[in-house]
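In: sequence below, structure please.
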Amino acid sequence: MSESQILLSIVELGGYPDFSPLYRRAGFEVERVTSMRKALSALPSLRPAVVVSEFVYSPMYSTRVSNLESLFAGLQRSAPEARLIVFFDQENVQHLDSLRSQFPIFETLPFPVSEDALRQALERAGG
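Out: Below you'll find the model as predicted:
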């Protein structure tokens, strides 16, 4: 990467290492937010090249499957070229697969997230 690109890290639940140092080593300028609402507010001004988010499935959502539907809409408007990397819990893979058939997800990585797999995904996303 010749110039620094922005990576938006959305950490809603956490429980895994802070990958910010890895993101920086991969050449990204990191912006980290702790809610989807904050991410959606930041998208128009950031226009990230890469977005990393957790897949949060809940049957309690009334009109959607997860936290990602709002993100997809925001990305379409503000950063349509952004590459989306999603961390997911294996028990929710069927719900994630349902979304993958409808929306562009660049890479999915199951918990526990392998730092090496994430590094490889970042290399592909930045290329």
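In: which residue is nearest the centroid of the chain?
Out: Nearest to the geometric centre of the chain sits Val52, at 2.4 Å (C-alpha atoms, centre = their mean).
In: now do the same contact list for that residue.
Out: Counting by C-beta atoms under 8 Å, 6 or more residues apart in numbering, Val52 touches Leu7, Leu8, Ser9, Ile10, Phe19, Tyr23, Leu84, Ile85, Val86, Phe87. For glycine as for every other residue, the C-beta is placed from the backbone atoms N, C-alpha and C.
In: output the strand or helix carrying it as CSV - backbone C-alpha positions only.
Out: Using DSSP states H and E, the secondary-structure element containing Val52 is strand 50-54. Taking only C-alpha atoms (Å, rounded to 0.1, in the frame of the first residue of the first chain), the coordinates of strand 50-54 have been written out as CSV:
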residue,chain,number,x,y,z
VAL,A,50,-11.6,-2.0,5.0
VAL,A,51,-14.2,-2.6,7.7
VAL,A,52,-13.8,-5.3,10.4
SER,A,53,-16.9,-6.2,12.4
GLU,A,54,-18.3,-8.9,14.5
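In: buried ones in that strand?
Out: Using 16 or more other C-beta atoms under 10 Å as the test for burial, strand 50-54 gives Val50, Val51, Val52, Ser53, Glu54.
In: excluding chain neighbours, what is closest to the second one?
Out: For Val51, ignoring the flanking residues on the chain, the nearest one in space by C-beta to C-beta, 6 or more residues apart in numbering is Leu8 at 4.7 Å.
In: ok, now how distant is the one you found from Leu96?
Out: Per C-beta to C-beta, to the nearest Å, Leu8 is found 19 Å from Leu96.
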